[in-house]
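Chemist: just a sequence and a predicted model for now, questions to come.
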Amino acid sequence: MRRFVVGAAVAALISTAALAAEQLPSPANFLFWTPNEQAVGYRSIEKIFPVNTVKRGASVRELPASGKPFDVSYDLQNKKWNTDAFMQANDVSGLLVVKDGKIVLERYGLGRTAQDRWTSFSVAKSVTSTLVGAAIKDGAISGLDAQVTAYIPELKGSAYDGVKVRDLITMRSGVKWDENYADPKSDVNRLIGQPFVPFMKQLPRAHPPGTVFNYNSGETNLVGVLVMQATHKTLANYLSEKIWSHMGAEQDAVWIKGQDGNEAGGCCISMTLRDYARFGLFFMEGGEGALPADWVQQASSKQTASDFAGLGYGFLWWIHDDGTYEAIGVFGQSIFISPKENLVIVTNSAWPEADAIPRYITHDAYIAAVRKALAK
């Protein structure tokens, strides 16, 4: 693990002073920030957008250092790679490898420190689906086969008639949706700044519910609405109550609010690098009684084929063929989990493009190199 020359308190002061001198990017162009704007904005979300706070608990889960130097050396695209090369190529702001509950490697870039939060983008989807499990455990949601309109009655008479909770959290509602981040006129970009439910209610149906996978960020905002209306609590408060205050978070998290004042279930919780890992450990270890007994097994199993890189899809988790699974957000955010290896790898980045196949290849190659090195 990298040793910092200055102490944490001094680093925090330096970070705060530097941030004060930096210009915060406009919230209006969130998905189109320049690399410099990303480096500042992704670690300063609460200064740019209205947010709700996810309060931590009284105790912090220790993540002790393994005490051994660690790096990888591997071949990719006819070149020799190591951790520094990976971080530079993929514009990584934070990289954390936790094996058997201990930090094997922790590094920062793009001006970020260990005290800085970083936005999650669609990694938040996996958190939101976990709150569905908590609400089922609490009895606030009757089960996966419950009708979505039973909890969001405003959607009655729309394409969401007949859609089950299970369909919603596996991206198989059948509702037509365009997730093209590069097109300002796509559904995902038009949704920004709009109240979630009225916007989604106007969409037409493309397929029968439960039949066809179609990645839909707007729909995961509906998952958030469903949880809020079932529990009568904000997502931030429910996340704090069921997870954040129990998993040993070191800092409060913050969650962007939408136009209607509610958090966006499909995007944008900001947390520290280590708290990303703590959430991954909390989930991998079964949720400490906050979830139904079989929830983690179901959520992290292939419920359907996806349309991306041969991956399966669980309950808003991406599923690999070898039993590992991953929360993935655009612009290079990831929590990779391997239960058999007792391994969590967190990556936060600021890619120039929302989705870029070469960068996913680079990311996956680094993950594979870490797993191979740790298996020796």
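Modeler: Right, received. Where do you want to start?
Chemist: give me the mean pLDDT for stretch 183-190.
Modeler: What stretch 183-190 shows for mean pLDDT is 90.
Chemist: which parts of that stretch are buried?
Modeler: Along stretch 183-190, these residues count as buried under the neighbour rule (16 or more other C-beta atoms under 10 Å): 187-189. Every C-beta, even on glycine, is put in place using the N, C-alpha and C of the backbone.
Chemist: strands of the stretch 51-200 of the chain, start to end?
Modeler: Taking DSSP state E, counting those that start in this stretch, the strands of the stretch 51-200 of the chain run over residues 51-54, 74-76, 79-81, 92-99, 102-108, 118-119.
Chemist: out of those strands, which gets nearest to residue 251?
Modeler: Comparison of these against residue 251 by C-beta to C-beta identifies strand 51-54 as nearest, at 9.5 Å.
Chemist: so what touches that closest one?
Modeler: Strand 51-54 is contacted from outside by 45, 234-237, 239-240, 244, 252-257, 263, 269-270, using C-beta atoms under 8 Å, 6 or more residues apart in numbering.
Chemist: make a markdown table out of the buried residues of stretch 183-190 and add distance to residue 295.
Modeler: Converted to a markdown table, the buried residues of stretch 183-190 look like this (distance: C-beta to C-beta, whole Å):
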| residue | distance to residue 295 |
| --- | --- |
| 187 | 30 |
| 188 | 28 |
| 189 | 33 |
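Chemist: which one of these sits closest to residue 294?
Modeler: Comparing those against residue 294 with C-beta to C-beta places residue 188 closest, at 32.0 Å.
Chemist: hang on, that closest one packs against residue 217?
Modeler: Yes - counting by C-beta atoms under 8 Å, residue 188 does reach residue 217; the two are 5.3 Å apart.
Chemist: intersection of neighbour lists for those two?
Modeler: residue 179.
Chemist: just the strands in the stretch 201-350 of the chain please.
Modeler: Using DSSP E, counting those that start in this stretch, strands in the stretch 201-350 of the chain cover 253-256, 269-271, 304-305, 312-313, 318-319, 325-329, 333-338, 343-349.
Chemist: need the winner for burial among the ones you listed.
Modeler: strand 269-271 (a mean of 29; mean count of other C-beta atoms under 10 Å).
Chemist: can you give me the mean pLDDT across that one?
Modeler: The average pLDDT within strand 269-271 is 98.
Chemist: that strand pairs with which strands?
Modeler: Using DSSP bridges, the strands paired with strand 269-271 are strand 118-119 (antiparallel), strand 253-256 (antiparallel).
Chemist: so where's this structure uncertain?
Modeler: For the chain, the stretches flagged by pLDDT under 70 are 1-21.
Chemist: one more time with 50, if that's ok
Modeler: Within the chain, the stretches with pLDDT under 50 are 1-20.
Chemist: go through it and flag its longest helix.
Modeler: Ranked by residue count under DSSP state H, the longest helix found in the chain is helix 357-375.
Chemist: by contact count, what packs against that one?
Modeler: Applying 3 or more C-beta pairs under 8 Å, 6 or more residues apart in numbering; DSSP states H and E, we find helix 357-375 packed against strand 74-76, strand 79-81, helix 83-89, strand 92-99, strand 333-338, strand 343-349.
Chemist: okay if I get those as CSV plus distance to residue 316?
Modeler: Shown next, in CSV, are the helices and strands packed on helix 357-375 (distance: least, C-beta to C-beta, whole Å):
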stretch, distance to residue 316
strand 74-76, 30
strand 79-81, 31
helix 83-89, 26
strand 92-99, 22
strand 333-338, 12
strand 343-349, 17
